[in-house]
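A.B. asks: show me how the following folds:
(chains A and B)
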Amino acid sequence: MVRGFNIPNQRVLAGVGASLKKLITDFSIHFVWEKKWFFIAMVVGIILLSFPTPNGLSREAMIVLSMSIVATILFVTEPIPLPAVALLIILGQVFLLGSSSSDVAKTLWNDSVLFILGSLMLAVGVVKQKLDKRIAWVIVRITGTKTSNICFGISVVSGLLASFIGEHTVAAMMLPVGITLVTLTSDDPKKVRNLAAVLLFSIAYGCSVAGIGTPSGGARNAIMIGYWREFFFDPSNPETQKFLIDYVRWMVFAYPMFLIQLPFVTLVLFLTFKPEYRDLSRAVVKLRAQVESEGPMKAADWISIILFLLVLMGWVFMSDSVGMGTIAILGATAFLISGLVRWEDINSGVNWGVVLLYGAAISLGIEMKETGAAIWVATNFLNLLEPFGASDGFGLWAAVSVLTTAVTNMMSNGAAVAVLGPVVLKMAVVAQESPIIIGFITAISSAFAYLTVVGTPACTIVYASGYLKTTDFLVVGWKMALISIVIMLAAAFLYWPYLV
Amino acid sequence: MADTYIDQKGLFERRKERYRVLVCIDGSDESYRGLSYAAQAATNKNSDIVLLYVRPIDQGLRSGGLQVRVARENMLSWGLELPGITYLKRGLEQLISGDELSADWHEKITHTDIEGDPLGDNKIEYTNEVGQTIVLKLKTAATIASGILDQYELGPYDLIILGDSGSWGGWAKSLWDPAVAEKVAMHAPCSVLVARGLERGHGHLLCTDGSERAMRMVKRSATVSNRIGSKLSVMAVARDNEDKAEAQENVDIAVAELKSSGVDVVNAFTRVGNPFEEIIHAGKEYSFIVLGSTGKTGLQRFFLGNVSFKVMEHAKNSVIITR
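C.D. replies: Numbering: from 1, shown residues only, chains lettered A, B, ... in the order given. Okay, here's the model as predicted:
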């Protein structure tokens, strides 16, 4: 469609002028307004960079610190897609810090990132096996038909599974179980609002409290393990060997905490929401009919269960020698080779931006340490805490826990650990506390994002069912957060010191 | 390519001649009350009702990297419906079982893929023999407000109805995260009805300031009133006693205009004081407060503020802003 190049007449020019004006107005309203936080973050960054460098802080450290602050604003407000923030971090390291492109690229990948990549692929593989109905049936066979027992059973099973394969996997798998039990009880959503809340929160919180249990429970655990190794491990010094936290050692620290929290989930949920039905026998009978229509277990089902158990054993026994990431990748590869999952499903089921995001956040965290920005922030933050008696010991633990809980409710918990990790670990060094205890407090507190929909992956997935309101999370979340913090501080005080 | 473009344009033109109501359903009682108003306003054979449910696009980043679609597909394989579909179906039942619209409806289902979301937009269109249409539309968009506004772009509407989401908050709150109703009212190029504690039968209160726009609003209200047979009252607010005569004059003009189009005016009065406070106070006794919009663009409206938006924000009952 080629048109002649006529000389534009007056009317056309006026038209162009008008549409240009409209374009500018549309731009100013929609673009600038929608992206206001992006511009605010950029202005904050420019102002920070134009300040004279404070005492004790190098120019590089100042740049990294400014980048972290800008990135945090962008993580919380999300004016641009989060993977774009990751790309900005990479660009900032090259253009502002003057690092070479290859050096930046090297810091983007390590075992933690590889683990995130592998476990996400594995998650899709596991969900696609459709073992959810059988799991549901096993639960109700054990618990009977009483609502409270079913809810406890769902939390326990979701939790046990989630502690090994990640909360998002189990939440996605168990969500239909919860909703099916609700819809089989009554078609009218109004009559089963509280029942829906207890069942769905049993899944969400069951998964959330479990995510702390093992290193493979969530990305944040892998990130913290990576930071310990990066910050404190020195191959020439056998003393630092204790900073290599392996799979079993993590479980010894954290698994008891998960088990103690479990009964509280059901308790808090039943005290907050009074379910309309005390007994779900009607729904259970229908569920049984659905499961029976599936027929007996097929060979593929058995293979997937065996593969899954092999991956678990790989994590427990081999992750120290070959790395957790390698085992996760091995598991995903095995699922693909055996044909249990199609690459297309994995490709569309994994948000690859997350891998990029964590890679960039960890890379920035390591820069924080290398340039000395982390220790500067840690020292100043401790000075700030001193008047409150929170600069060492128990007070510091509580402060770190509250800080992490606050940050993690605003952004994804992996990002929270990646951003806060370097600072709190350096705080431990300055305050002469054990970096391992402080690290555990940070990693575990990041799971206490019960208050908001975006806090933990399990909450986001369960919220997507449309059965819960955002206010439900607030109503019940603060109780859970309080209980969890108390249990964790008790563990930090009474239990962990014997392990370090 | 060119053909479809012309066809689209033709469709757009044809739609302009019809009275099209967009009802945003979010499952709340308020949105269904708004729907019953729509049913009354759109009984005419030239009118269509579109029921819209907007679902924010799932962000895999928040669900820890596992796309929410994995969970949704799992739900679908269990035979569970997506959220929103149940809400829309309930709305349809309400419309068809009501007295206003009852006839044979024919069903047509279409699906549009939306980039970034595999489940995309779904649409069910029902038509009856007199040519009325009811459309159920499940839409995905980055935010709920932008989804509603995008829907306007697809076909012009005469009226957008939404339930108050209840979180209007203060200025600081709205700077952080403007409520859906507020955002739609600010940007939509057509009239917007925000249903809030809607009780029908108490009539409409038209607020005029004598401007040309206000008079256009009065004329439109006359047509709507003829359509649904609601009672109309008129008020104007003078800032001080000196302006009182002018306010009275504005009311008289409006009343005359309404009478000439064959509508009875129940009540006509003036008040003295701060316009938005007086309007909210007087409006309590009516089902709706009807206001004209000033012709400012969204950005200007935001910075300058105006009576219409203040009323919309603070009133306890339903508000219609006409454009």
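
A.B. asks: which one of the residues in the stretch 51-200 of chain B is closest to chain A?
C.D. replies: In the stretch 51-200 of chain B, the residue found nearest to chain A is residue B:83; the distance is 2.2 Å by CB to the nearest CB. Just so you know, the C-beta spots here come from the backbone N, C-alpha and C atoms, and that holds for glycine as well.

A.B. asks: that residue against residue B:55, yeah?
C.D. replies: Yes. Counting by CB atoms under 8 Å, residue B:55 is a contact partner of residue B:83 at 6.9 Å.

A.B. asks: do I have it right that residue B:45 meets residue B:128?
C.D. replies: No. In this structure, residue B:45 is not within contact of residue B:128 by CB under 8 Å, at 9.0 Å.

A.B. asks: who has more neighbours out of those two?
C.D. replies: More neighbours surround residue B:128 than the other of residue B:45 and residue B:128, with 16 against 12 (other CB atoms under 10 Å in any protein chain shown).

A.B. asks: what element comes up after the lowest-mean-pLDDT helix or strand in chain B heading to the C-terminus?
C.D. replies: The least trusted helix or strand in chain B, going by mean pLDDT, DSSP states H and E, turns out to be helix B:171-176, with a mean of 40. On the C-terminal side of helix B:171-176, the closest following helix or strand by DSSP states H and E is helix B:180-187.

A.B. asks: okay, now the sheet partners of the helix or strand following that next one, with direction.
C.D. replies: Where DSSP H and E defines the elements, the next helix or strand beyond helix B:180-187 is strand B:191-195. Here strand B:191-195 is paired, per DSSP bridges, with strand B:159-163 (parallel), strand B:318-322 (antiparallel).

A.B. asks: how far out from the middle of the chain is the first one?
C.D. replies: Taking CA atoms, centre = their mean, to the nearest Å, one finds strand B:159-163 lying 2 Å from the centre of the chain it belongs to.

A.B. asks: for the last one, same thing?
C.D. replies: Strand B:318-322 has its average C-alpha position 8 Å from the chain's average C-alpha position, going by CA atoms, centre = their mean.

A.B. asks: pull the residues that contact that strand.
C.D. replies: Taking contacts as CB atoms under 8 Å, 6 or more residues apart in numbering or on different chains, the residues outside strand B:318-322 that touch it are B:185, B:191-198, B:204, B:216-217, B:220-221, B:287-293, B:308, B:311-312.

A.B. asks: again with stretch B:221-234
C.D. replies: B:40-41, B:43-44, B:200, B:202-206, B:208, B:218, B:251, B:254-255, B:257-258, B:261-269, B:286-287, B:290, B:322.

A.B. asks: cool, stretch B:246-257 as well?
C.D. replies: Outside stretch B:246-257, the residues that touch it by CB under 8 Å, 6+ apart are B:206, B:208-210, B:214-215, B:218-219, B:222, B:234-238, B:265, B:268-270.

A.B. asks: using CSV, lay out the strands paired with strand B:191-195 together with mean pLDDT, mean neighbour count and distance to residue B:71.
C.D. replies: Supplementary listing: the strands paired with strand B:191-195 in CSV, determined by pLDDT from 0 to 100; neighbours: other CB atoms under 10 Å in any protein chain shown; distance: least, CB to CB, whole Å:
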stretch, mean pLDDT, mean neighbour count, distance to residue B:71
strand B:159-163, 84, 27, 27
strand B:318-322, 84, 26, 37
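
A.B. asks: among those strands, which is nearest residue A:154?
C.D. replies: The closest of these to residue A:154 is strand B:159-163. By CB to CB, the value is 33.0 Å.

A.B. asks: let me know the angle separating that closest one from helix B:180-187.
C.D. replies: Angle of strand B:159-163 versus helix B:180-187, following axes from the mean of the first three to the mean of the last three CA atoms, to 10 degrees, is 160 degrees.

A.B. asks: other residues contacting strand B:159-163?
C.D. replies: Strand B:159-163 has contacts (CB under 8 Å, 6+ apart) with B:20-24, B:26, B:28-31, B:33-35, B:37-38, B:41, B:148, B:152, B:180-181, B:184, B:188, B:190-196.

A.B. asks: quick one: low-confidence ranges for the chain?
C.D. replies: No chain specified, so I'll use chain A. In the predicted model of chain A, residues A:1-14, A:22-30 satisfy pLDDT under 70.

A.B. asks: other chain: chain B
C.D. replies: Chain B contains residues with pLDDT under 70 at B:1-12, B:14, B:43, B:58-62, B:98-105, B:109-120, B:165-179, B:294-306.

A.B. asks: which stretches of it form helices?
C.D. replies: Under the criterion DSSP state H, chain B contains helices at B:2-16, B:29-41, B:68-77, B:85-97, B:144-154, B:171-176, B:180-187, B:212-228, B:244-260, B:275-283, B:298-304, B:307-314.

A.B. asks: for residue A:205, find the nearest of these.
C.D. replies: Closest approach to residue A:205 among the helices of chain B is made by helix B:68-77 (16.5 Å; CB to CB).

A.B. asks: the residue in the stretch 401-500 of chain A that chain B sits nearest to: neighbouring residues, count only.
C.D. replies: For the stretch 401-500 of chain A and chain B, the shortest gap (CB to the nearest CB) falls at residue A:466, measuring 2.2 Å. Neighbour count of residue A:466, defined by other CB under 10 Å: 20.

A.B. asks: what's across from residue B:159 in the sheet?
C.D. replies: Using DSSP bridges, the beta-bridge partners of residue B:159 come out as residue B:21, residue B:191.

A.B. asks: tell me the contacts of the residue of the stretch 51-200 of chain B closest to chain A?
C.D. replies: Applying CB under 8 Å, 6+ apart, the residues contacting residue B:83 are A:464-467, B:55.

A.B. asks: by neighbours, which of those wins?
C.D. replies: Highest neighbour count within those: residue A:464, with 26 neighbours (other CB under 10 Å).

A.B. asks: correct me if wrong: that residue contacts residue B:68.
C.D. replies: Yes. Between residue A:464 and residue B:68 there is a contact under CB under 8 Å: 4.7 Å.

A.B. asks: other SSEs contacting the helix or strand where residue A:260 lies?
C.D. replies: Counting by DSSP H and E, the element that carries residue A:260 is helix A:247-272. When contacts are defined as 3 or more CB pairs under 8 Å, 6 or more residues apart in numbering or on different chains; DSSP states H and E, helix A:247-272 packs onto helix A:147-165, helix A:193-210, helix A:299-322, helix A:435-445, helix A:470-494.

A.B. asks: would you mind giving those as a markdown table with mean neighbour count and distance to chain B added?
C.D. replies: Output for those, formatted as a markdown table (neighbours: other CB atoms under 10 Å in any protein chain shown; distance: least, CB to the nearest CB, whole Å):
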| stretch | mean neighbour count | distance to chain B |
| --- | --- | --- |
| helix A:147-165 | 24 | 11 |
| helix A:193-210 | 28 | 10 |
| helix A:299-322 | 16 | 15 |
| helix A:435-445 | 26 | 15 |
| helix A:470-494 | 17 | 10 |
